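> have a look; sequence and predicted model below, questions after that.
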Amino acid sequence: MISCSTLYICTTCRGSEAATDAPRAGARLLAAVERQSLERGSAETGGGPAIVGVECLSNCSRSCSAAVAAPGKWTYVIGNLDPDRHAADILAFARQHSGHEQGLPVWRERPEHIRKNTIARVPPILFKEQS
């Protein structure tokens, strides 16, 4: 059974911008991904990944950051995301992740920015039943 992935986007990421009163780059990335999801949602089948804003992914030196995860699948942390350029890439990758039983999309089929800016790939957590 293939489980739908969740795309977590760090909303506190500042990216390369200095502190200002403007929305942080991470919050702008979240908004851009949500827009992309709505625009593409009707054209694609099976719905898209859940999109969730989170406060920190502890990847500040390579922000903006996002993570893609699902039960029983590999988890990916992606960095160096630009809210004005990479919303479609991270959303496409989350959809690829959702569509693969183990969460391992074919490397060459991933968007180029994702291939070059994957920070970590974490194996699925296996729980032992307690007796």
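On my side now, so go ahead. Residues are numbered from 1 along each chain as shown.
> in the protein, which spans are helices?
For the chain, the helices defined by DSSP state H occupy 25-41, 87-99, 112-116.
> so what secondary structure elements neighbour the second one?
To tie it back to what came earlier, the one meant is helix 87-99. With contacts defined as 3 or more CB pairs under 8 Å, 6 or more residues apart in numbering; DSSP states H and E, the packing partners of helix 87-99 are strand 6-10, helix 25-41, strand 66-69, strand 75-78, helix 112-116. The C-beta positions use only the backbone N, C-alpha and C, and glycine is treated the same way.
> any chance of the ones you listed in TSV, plus distance to His97 and mean neighbour count?
Formatted as TSV, those follow (distance: least, CB to CB, whole Å; neighbours: other CB atoms under 10 Å):
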stretch	distance to His97	mean neighbour count
strand 6-10	8	24
helix 25-41	14	19
strand 66-69	5	26
strand 75-78	7	24
helix 112-116	10	15
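> nearest to Pro123, of those?
Comparison of the helices and strands packed on helix 87-99 against Pro123 by CB to CB identifies strand 75-78 as nearest, at 8.1 Å.
> average model confidence for the closest one?
Averaging pLDDT along strand 75-78 gives 97.
> off-centre distance for it?
7 Å (CA atoms, centre = their mean, to the nearest Å).
> picking up where we left off before, now the helices and strands packed on helix 87-99 as a markdown table including distance to Phe93?
Converted to a markdown table, those look like this (distance: least, CB to CB, whole Å):
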| stretch | distance to Phe93 |
| --- | --- |
| strand 6-10 | 8 |
| helix 25-41 | 11 |
| strand 66-69 | 6 |
| strand 75-78 | 7 |
| helix 112-116 | 5 |
